[in-house]
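In: give me a 3D structure for the following:
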Amino acid sequence: MNAYKFTELSIGMAESFQHTVSYDDMDSFMKLTGDINPLHCDEDFALKHNFYGRVVYGMLSASLVSTLGGVYLPGKYCLIQQIEIKFVHPVYVGDILTVTGVVKELNESVQQAVIKVEIRNQNEKKVARGKLNVGFLE
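Out: Numbering: from 1, shown residues only. From the prediction side, this is the model:
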């Protein structure tokens with residue numbers, strides 16, 4: 001876990017990590033949220049609607065943005081204040097997602113960082129993009 005403080009950040013600073021989406025991830029997310037939409041739970045339904053298989057919950061992919069902020073950039077002292085996310089392409093079980101954050105703005109008066117976020121799959125296809133606004137506990 002990283003532990004960057006506001007004063008240690010600079011524009012352009014970046015961190016990344018990878019996560020492979022599993023059936024266990026999908027089942028845990030379904031149990032946690034109660035979202036039983038067949039697009040996410042029924043392979044045949046998803047195939048019938050022109051997808052390659054069960055589509056990973058968008059919010060499951062988006063939850064990795066929390067990991068980015070809370071573990072990688074800035075890490076330990078992060079207080080997430082706002083997340084904006086756009087889902088660009090579907091994610092499927094087995095996809096290897098690379099989550100990358102780049103510091104775009106530093107607002108010293110309120111000790112807030114704005115981090116540009118991208119999530120790409122193993123084929124380098126962008127599946128989500130967004131912005132993370134974070135404050136700091138110290």
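
In: name the residue most distant from the centre of the chain?
Out: K48 (27.7 Å; Cα atoms, centre = their mean).

In: what about the helices in this protein?
Out: 23-33, 38-41, 43-48, 58-67 (DSSP state H).

In: show me what the shortest one is packed up against.
Out: In this case it means helix 38-41. helix 23-33, helix 43-48 (3 or more Cβ pairs under 8 Å, 6 or more residues apart in numbering; DSSP states H and E). Using the backbone N, CA and C atoms, a C-beta is placed for each residue, glycine as well.

In: check the first one too.
Out: In terms of contact count using 3+ Cβ pairs under 8 Å, 6+ apart, helix 23-33 is assigned the packing partners helix 38-41, helix 58-67.

In: how far off centre is that helix?
Out: Relative to the chain's own centre, helix 23-33 is displaced by 16 Å; criterion: Cα atoms, centre = their mean, to the nearest Å.

In: now the helices of the chain as a markdown table including distance to V88 and mean pLDDT?
Out: Converted to a markdown table, the helices of the chain look like this (distance: least, Cβ to Cβ, whole Å; pLDDT from 0 to 100):
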| stretch | distance to V88 | mean pLDDT |
| --- | --- | --- |
| helix 23-33 | 20 | 97 |
| helix 38-41 | 17 | 96 |
| helix 43-48 | 18 | 96 |
| helix 58-67 | 10 | 97 |
